[in-house]
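Asks: mind looking at a prediction? Sequence and model below.
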Number of protein chains: 2
Amino acid sequence: MSNHSTKSLRGDELRDQILSTALQMFADKGYFNTSIHDIRKEAGVSTGAIYHHFKNKEALAKSLYESLLIEIDNDINDVCKVHTGSYEKSRAIIKKMFALTMENPITMQFILMAQHREYLPDEPPICSSKPFQSMKNVISEGIKNQEIKNIDVWVAATTMFGGALRMMGLQLDGVLNQPLSDYLDEVVECAWLGIKQ
Amino acid sequence: MSNHSTKSLRGDELRDQILSTALQMFADKGYFNTSIHDIRKEAGVSTGAIYHHFKNKEALAKSLYESLLIEIDNDINDVCKVHTGSYEKSRAIIKKMFALTMENPITMQFILMAQHREYLPDEPPICSSKPFQSMKNVISEGIKNQEIKNIDVWVAATTMFGGALRMMGLQLDGVLNQPLSDYLDEVVECAWLGIKQ
DNA sequence: GTCTATAAATGGATAGAC
DNA sequence: GTCTATCCATTTATAGAC
């Protein structure tokens, strides 16, 4: 379980080691159930090393949160680029998020399931984060292009992505019997039927 | 802000005072950002009184969580009783949950947005709680009756209720300009189009 | 840049008076 | 049944050696 290896890391490698250990533990036990001492032990580093690389515990969590949101937003925009039309883009986004959930449940647990505002008080709600804005933009465009019917954009966006996000939550809670990819077609089809022109 | 009143409460009234203060503070600042001392101060009671009525902090949270889930489940079942058919029942459930969110945002914040497993480790995931099971049952029945098309029941349930739940989250995050009731018709219509036979 | 040791504060929980 | 006072463990963060 411990990330401690015989080779002792230094500099940026040590910083990455701290980040990945913290991510694992925050996702698994939650921010408040993970002490600096827990991270120190699990990562095989010293308290001083942690405080050298991060101002405090909150800054460590914030660094994780922001970089992971940017990563996901990049993934979303990458798959969007190779598709045209709101349907294709929405499908590609959901497919990508399903894949990320299966490949990297820890990251998705941390980003989607945690209540960041409890420990990052200055953070805006998740719905105004870049990935969620990107999703909303796809829907806005679809309404403008008349691919999607002319309803409130929040309603359209939550209809398109709300079910998929719940399915990701169910997968992370261990409730589903099959991998998310098995549900992709039905999820996308049902959501799209609700909003298509 | 303080719930402290000149008349000092005793017995069950004091217990209720503790519960409602704790609910407010847990919903507002989160479980881990609320200390027993905070609750003591805000409720205008003593530490001893809290520990007389509840074994510990966790038991206090658990008592709140369980009774609120039962209340919501009763509400859901009450509105279901006066409707027949999956569409009518689903619509009534969403309407009721929208109303509860507007009337009692604090309760909904605590039930829907918090990560209870971080401080109630023995609690099952929220999707297996009674209210969510009741929703899933409505969808199961609809599939059996062929009112809803024959797809995976989780997909159908998340399609029907996933968007509405996200809209409730947006409302609680203060993102929406209008009350949830204004979105009800569109939300229900979009969701139902996705799963109807 | 990383370590160990420890300071300083907080918070959950208990004891015992009333 | 409720109160006050306090104990003790935990935790964040710092100081200073290497």
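Replies: Great, that's in hand.
Asks: any idea which element the nearest residue to A:T47 once chain neighbours are set aside lies in?
Replies: In space, A:T47 comes closest to A:R40 once its chain neighbours are excluded; the distance is 5.4 Å by C-beta to C-beta, 6 or more residues apart in numbering or on different chains. Every C-beta, even on glycine, is put in place using the N, C-alpha and C of the backbone. In this structure, A:R40 is located in helix A:36-43 according to DSSP states H and E.
Asks: output the contacting helices and strands for that helix.
Replies: helix A:11-29, helix A:47-53 (3 or more C-beta pairs under 8 Å, 6 or more residues apart in numbering or on different chains; DSSP states H and E).
Asks: point out the most buried one among the ones you listed.
Replies: Looking across the helices and strands packed on helix A:36-43 with neighbours counted as mean count of other C-beta atoms under 10 Å in any protein chain shown, the highest average goes to helix A:11-29: a mean of 18.
Asks: in chain A, what residue comes closest to DNA strand C?
Replies: The nearest approach of chain A to DNA strand C comes at A:G48, 1.9 Å away (C-beta to the nearest atom of the strand).
Asks: what about chain A, any weak spots by pLDDT?
Replies: Along chain A, the parts satisfying pLDDT under 70 run over A:1-7.
Asks: helices or strands up against the top helix by length along it?
Replies: With residue count as the measure and DSSP state H as the assignment, chain A has helix A:57-81 as its longest helix. Here helix A:57-81 touches helix A:11-29, helix A:86-103, helix A:130-144, going by 3+ C-beta pairs under 8 Å, 6+ apart.
Asks: domain ranges for chain A, per the record?
Replies: The record's domain parsing of chain A by automatic domain parsing lists A:11-54, A:64-195.
Asks: give me the residues contacting stretch A:53-67.
Replies: For stretch A:53-67, contacts defined as C-beta atoms under 8 Å, 6 or more residues apart in numbering or on different chains pick out A:14-15, A:18-19, A:22-23, A:26, A:31, A:36, A:50, A:110-111, A:116, A:119-120, A:123.
Asks: of those, list those near DNA strand D.
Replies: Contacts with DNA strand D are made by A:I36 out of the contacts of stretch A:53-67, judged by C-beta under 7 Å from any atom of the strand.
Asks: and of the contacts of stretch A:53-67, the nearest to DNA strand D?
Replies: The shortest gap between DNA strand D and any of the contacts of stretch A:53-67 belongs to A:I36, at 3.6 Å (C-beta to the nearest atom of the strand).
Asks: next one: that closest one from A:P179, what distance?
Replies: 36 Å (C-beta to C-beta, to the nearest Å).
Asks: could you do A:T47 as well?
Replies: Where A:P179 is concerned, A:T47 sits at a distance of 40 Å (C-beta to C-beta).
Asks: for the contacts of stretch A:53-67, work out which two are farthest apart.
Replies: Taking C-beta to C-beta as the measure, the contacts of stretch A:53-67 reach their widest spread between A:L14 and A:E123, a distance of 26.0 Å.
Asks: re earlier: OK, contacts around the residue nearest to A:T47?
Replies: A:46-47, A:50.
Asks: now A:V155. Nearest residue, chain neighbours left out?
Replies: Across the structure, with C-beta to C-beta, 6+ apart as the measure, the residue nearest A:V155 apart from its sequence neighbours is B:E186 (4.6 Å).
Asks: circling back: of all the domains of chain A, which one is nearest B:D73?
Replies: Go through the domains of chain A one by one with C-beta to C-beta and the one that ends up closest to B:D73 is domain A:64-195, at 18.4 Å.
Asks: span of that closest one from start to end?
Replies: End-to-end span of domain A:64-195 (C-alpha to C-alpha, to the nearest Å): 35 Å.
Asks: report the distance from that domain to the chain centre.
Replies: A distance of 9 Å separates the centroid of the chain from that of domain A:64-195, by C-alpha atoms, centre = their mean, to the nearest Å.
Asks: and it, does that touch DNA strand C?
Replies: No. In this structure, domain A:64-195 remains apart from DNA strand C according to C-beta under 7 Å from any atom of the strand; the gap is never smaller than 12.6 Å.
Asks: quick one on the thing from earlier: which one of the contacts of stretch A:53-67 is nearest A:S90?
Replies: With C-beta to C-beta as the yardstick, the closest approach to A:S90 among the contacts of stretch A:53-67 comes from A:I111, at 19.3 Å.
Asks: next up, phi/psi of the closest one, please.
Replies: Here is the backbone geometry of A:I111 (degrees, to the nearest 10): phi -80, psi -50.
Asks: once you drop chain neighbours, what's closest to it?
Replies: Once its chain neighbours are removed from consideration, A:I111 has its nearest residue in A:L68; the separation is 5.5 Å (C-beta to C-beta, 6+ apart).
Asks: follow-up on the earlier one: and the domains of chain A as JSON lines, adding distance to B:Q133?
Replies: Output for these, formatted as JSON lines (distance: least, C-beta to C-beta, whole Å):
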{"stretch": "domain A:11-54", "distance to B:Q133": "25"}
{"stretch": "domain A:64-195", "distance to B:Q133": "12"}
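Asks: ok, A:T47 - contacts?
Replies: Under the criterion of C-beta under 8 Å, 6+ apart, the neighbours of A:T47 are A:36-37, A:40.
Asks: I misspoke; the intended subject was A:M168.
Replies: A:M168 touches A:97-98, A:101, A:108, A:112, A:180, counting by C-beta under 8 Å, 6+ apart.
Asks: any chance of CSV for the residues you listed, columns distance to DNA strand D?
Replies: Below are the contacts of A:M168 laid out as CSV (distance: C-beta to the nearest atom of the strand, whole Å):
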residue, distance to DNA strand D
A:M97, 30
A:F98, 33
A:T101, 28
A:M108, 23
A:L112, 23
A:L180, 33
